[in-house]
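Undergrad: let's see this in three dimensions:
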Amino acid sequence: MSSDEIEFDEAAARRLEEKFDPEVRFRPLGPAATWITAGMLFSLSMFHYYTAGFGLLREVTHRGVHMAFVLALIFLVFAATPKGQKTLYAPSLLRPAGLPLIDWLLAAAAVVATLYVPYVFQDLAFRVGNPLPIDVIMGTVMIVVLLEATRRSMGWPLPVIAILFMLYAVYGRSAPGLLVHPGADWPTVVNHLYLTSQGIYGLPVGVVATYVFHFVLFGVLATRMGLGKLFIDLASALAGRYSGGPAKVSVLSSALLGSISGSSIANTVTTGSLTIPAMVRIGYPRHFAAAVEAAASTGGQITPPVMGAAAFLMVEFLGIPYTDILLAALVPACMHFLGVLLQVHFEAKRQGLRGLSPDELPKVWLVLRHDWPTLFPLFILVGVLLNGNTPYLAAFWGITACIVIGFLNPRNRLSPRDIFDAFVIGAKYALSVGAAAATVGIVIGVVTLTGVSFKVSYIVTSNATAWAAAIQPLIPFDLMSLATLTLLFTLILTGVVCILMGCGIPTTANYLIMVTVTAPILVMLGVEPLVAHFFVFYYGVLADITPPVALAAYAASGIANANPFKAGNTAFRLGVGKILVPFVFVFSPSMLIVVKDFSWQSFFLATGGAVLGITALSAAFSAYFVGPLNAAMRVVLVIAAMLLVAPELYSTLIGAALIAAVLFWQWTALRTAEART
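TA: Down below sits the predicted model:
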């Protein structure tokens, strides 16, 4: 199933991506507006490319220039209304270059309000906490244009959350119960959110401006110069021959492509356009084919080396090397893809689905012989990272390698216009995450201003402790201690909140909010900060395959012509690894390797238990192990999986024994059936 054998309609994929992902829902532009915005987008990419290689500007100036470009461009490339997203207007007095005059004014206001802080930065030290009237005015303008830019590029949920947090900051004295606080007047709120590094100009914007943008650009360039095609062809050659081959190709190719794209929906429409029709052709139900692609594609956000934006945010929040984050992410990411692969395999065996024939598959040696140069940029990027350099310097050399290989590779030679277009598209794809990061800065600013995270921590832990005390006497043989149960209920509550938040906002913004509000809860219970960050991140990613807003599953269902809700439910079930593994590494942190009390014994126990638990759950959900499973066997396997999550050795042994019992039960039944025939 080579990518050459199925025609890839890039325009159709782009339309599908725009339908389900508001972050790439750009409006049509006339010739004048196209050249203006393209010039600005190219300049933004060049600014980041140059500073990554030759040195960043002063922190507040670098962030200010980045945000000025981002917010101004959002008002030019994103329309204010659904009608504007589809309508191309002729230039007029009220629509210069075919864009509404109000959008030009908002873009100008965004530039002025954004660059005001770097302009007066030297004087701010003399009026901290006592802003001038002009400071309050400019801060108010900044907040208004930022919320509108975020609404246009991402929809209503995140701006509404930011507004609610600001209302809480001002009217905290009217909040119920433990959430009450003295409140702050509007100048104080503006001062904290606009003039300090605790709000809009805080850590999230800094990470996007110095790390994330560069890796988005690298992903676009790497795909343009043929790395994505190589990944798909390699996955086809390696996995296509086995039972249910196209589904396994989907999992493997999505893992490879997702490692450089970090976008669930983009990954879904890119690989899904090739793999979903092939899955349907060999007999997979349409909703299942869509679910496989969606579940596999969301894995791109947890797969090194890019991991969306979360890896770079963790570096700044935790103050640990980027290579440690990548090492910690490796085993849990493998567990996710193992869960999807196992269910794909069990489903294929249950339905008797074939693999692809040799004449339908590319040859590994031919794929590598033709396209091996496209691997160089990825090797260079990873090599520079492992050598201890900054992520943005690694991205600089990775981007440079993409340009050089693109010019030299005769099979997929890029022209200067192709490079220009890639720089423009890369900047376009980074706009929404830039606005989201600044808006999340509002949420983080309110949290630091009001101390609400401590209040939420107390509410959650007190309820979890009460539930644990009520349940613990009912558990036989003291399989779980009170402390373990308290942590378990806290994790469940935190996971549910992460999924619910993720239904309305993208993964990066969800991660930032959860790290600020809920991760401290886990840390209070003794969970290592790195582990807490990974937990909330994994459950935030789950939102892309969790109905009712499972955007990746809905995009895949558009390709498969399947029921979107059914595809979303199935994708959630296929993501069993992402559901189970966070609980495993919280109770057994050694799975993340770089934790403080790492030991190989704990690592192998945790990883082995996770493999067995994922296998048991996958078999239970698929109703097939070495043969069909009845209801009783499936219940036993689910119980076994739950026991394998617990940190105690004896619960792990009991879970493994239950799996062995089911296997023995099945093998005995199969032998009896064979003897009768």
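Undergrad: so where's the stretch 151-300 of the chain shaky on pLDDT?
TA: Regions of the stretch 151-300 of the chain meeting the criterion pLDDT under 70 cover residues 261-262.
Undergrad: try the chain
TA: If you take pLDDT under 70 as the line, the chain has these spans: 1-22, 261-262, 306, 308-309, 477-479, 502-504, 646-648, 677.
Undergrad: how much space between the spatially most central residue of it and Met514?
TA: Nearest to the centroid of the C-alpha atoms of the chain, with distances taken as C-alpha atoms, centre = their mean, sits Gln301, at 4.0 Å. Distance, Gln301 to Met514, using C-beta to C-beta, to the nearest Å: 14 Å. Every residue, glycine included, has its C-beta placed from N, CA and C.
Undergrad: mind checking how far the strand or helix carrying Ile442 is from the chain centre?
TA: Counting by DSSP states H and E, the element that carries Ile442 is helix 416-450. Using C-alpha atoms, centre = their mean, to the nearest Å, the distance from the centre of helix 416-450 to the centre of the chain it belongs to is 14 Å.
Undergrad: what's in contact with the next helix or strand after it?
TA: Sequence-wise, the next helix or strand downstream of helix 416-450 (DSSP H and E) is helix 452-471. Outside helix 452-471, the residues within contact range by C-beta atoms under 8 Å, 6 or more residues apart in numbering are 168, 178-179, 181, 446-447, 482, 485-490, 493-494, 516-518, 520-521, 524-525.
Undergrad: how about helix 452-471, which residues are buried there?
TA: Val452, Ser453, Lys455, Val456, Ser457, Val460, Thr461, Ala464, Thr465, Trp467, Ala468 (16 or more other C-beta atoms under 10 Å).
Undergrad: now do stretch 623-636
TA: Buried-residue list, stretch 623-636, by 16+ other C-beta under 10 Å: Tyr624, Phe625, Leu629, Met633, Arg634, Val636.
Undergrad: same deal with stretch 189-197?
TA: For stretch 189-197, the neighbour count (16+ other C-beta under 10 Å) marks Val189, Val190, Asn191, His192, Leu193, Tyr194, Leu195, Thr196 as buried.
Undergrad: also stretch 514-529?
TA: Along stretch 514-529, these residues count as buried under the neighbour rule (16+ other C-beta under 10 Å): 514-522, 525, 527-529.
Undergrad: domain parsing for the protein?
TA: 14-175, 599-677 (automatic domain parsing).
Undergrad: now those domains as a markdown table including distance to Ala294?
TA: As requested, the domains of the chain are exported to a markdown table (distance: least, C-beta to C-beta, whole Å):
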| stretch | distance to Ala294 |
| --- | --- |
| domain 14-175 | 11 |
| domain 599-677 | 16 |
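Undergrad: and the spatially closest residue to Ser602 that is not a sequence neighbour, how close does it get to Ala310?
TA: Nearest residue to Ser602, sequence neighbours excluded (C-beta to C-beta, 6 or more residues apart in numbering): Ser590, at 3.7 Å. Counting by C-beta to C-beta, the gap from Ser590 to Ala310 is 21 Å.
Undergrad: and these two? Which one has more around it.
TA: Ala310 (30 against 20; other C-beta atoms under 10 Å).
Undergrad: that one against Val536, yeah?
TA: No - applying C-beta atoms under 8 Å as the test, Ala310 and Val536 come out as separate, 9.7 Å apart.
Undergrad: what sits in contact with each of those two?
TA: Tyr511.
Undergrad: how far away is the residue nearest to Gln351 when sequence neighbours are not counted from Pro246?
TA: Using C-beta to C-beta, 6+ apart and skipping the chain neighbours, the partner closest in space to Gln351 is Gly283 (6.3 Å). Remark: distance between Gly283 and Pro246 (C-beta to C-beta) = 10 Å.
Undergrad: buried residues in stretch 30-46?
TA: Gly30, Ala33, Ile36, Thr37, Ala38, Met40, Leu41, Phe42, Leu44, Ser45.
Undergrad: name the nearest of these relative to Phe54.
TA: Ser45 (14.8 Å; C-beta to C-beta).
Undergrad: so which strand or helix has that closest one?
TA: Judged by DSSP H and E, Ser45 forms part of helix 31-54.
Undergrad: that helix - contacts with which helices or strands?
TA: Helices and strands touching helix 31-54, by 3 or more C-beta pairs under 8 Å, 6 or more residues apart in numbering; DSSP states H and E, are helix 59-77, helix 213-224, helix 391-408, helix 416-450.
Undergrad: any idea how far stretch 550-560 is from the chain center?
TA: Distance, centroid of stretch 550-560 to centroid of chain: 16 Å (C-alpha atoms, centre = their mean).
Undergrad: what's in contact with that stretch?
TA: 16-17, 19-21, 264-265, 267-269, 272-273, 276-277, 280, 286-287, 289-291, 293-295, 297-298, 543-545, 547, 562-564, 566-568, 570-572.
Undergrad: now those residues: which count as buried?
TA: The neighbour count (16+ other C-beta under 10 Å) marks 16-17, 19-21, 264-265, 267-269, 272-273, 276, 280, 286-287, 289-291, 293-295, 297-298, 543-545, 547, 562, 564, 566-568, 570-572 as buried among the contacts of stretch 550-560.
Undergrad: sorry, back to before: now, the buried residues of stretch 189-197 that are in strands?
TA: The members of the buried residues of stretch 189-197 all map outside strands under DSSP state E.
Undergrad: would CSV of these with distance to Ala52 be doable?
TA: Shown next, in CSV, are the buried residues of stretch 189-197 (distance: C-beta to C-beta, whole Å):
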residue, distance to Ala52
Val189, 34
Val190, 32
Asn191, 32
His192, 30
Leu193, 28
Tyr194, 27
Leu195, 28
Thr196, 26
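Undergrad: out of these, the closest to Leu385 would be?
TA: Nearest member of the buried residues of stretch 189-197 to Leu385, counting by C-beta to C-beta, is Thr196, at 31.6 Å.
Undergrad: give me phi/psi at the closest one?
TA: Note on Thr196: backbone dihedrals following degrees, to the nearest 10 are phi -120, psi 170.
Undergrad: check Tyr624 too.
TA: In terms of degrees, to the nearest 10, the main-chain angles of Tyr624 are phi -160, psi 140.
Undergrad: OK, contacts around it?
TA: With C-beta under 8 Å, 6+ apart, Tyr624 has these contacts: Phe346, Glu347, Lys349, Arg350.
Undergrad: now with 10 Å?
TA: Gln343, His345, Phe346, Glu347, Ala348, Lys349, Arg350, Gln351, Ser618, Arg634, Gln666 (C-beta atoms under 10 Å, 6 or more residues apart in numbering).
Undergrad: and for Gly172?
TA: Contacts for Gly172 (C-beta under 10 Å, 6+ apart) come out as Leu179, Val180, His181, Pro182, Gly183, Ala184, Val446, Leu449, Thr450, Gly451, Val452.
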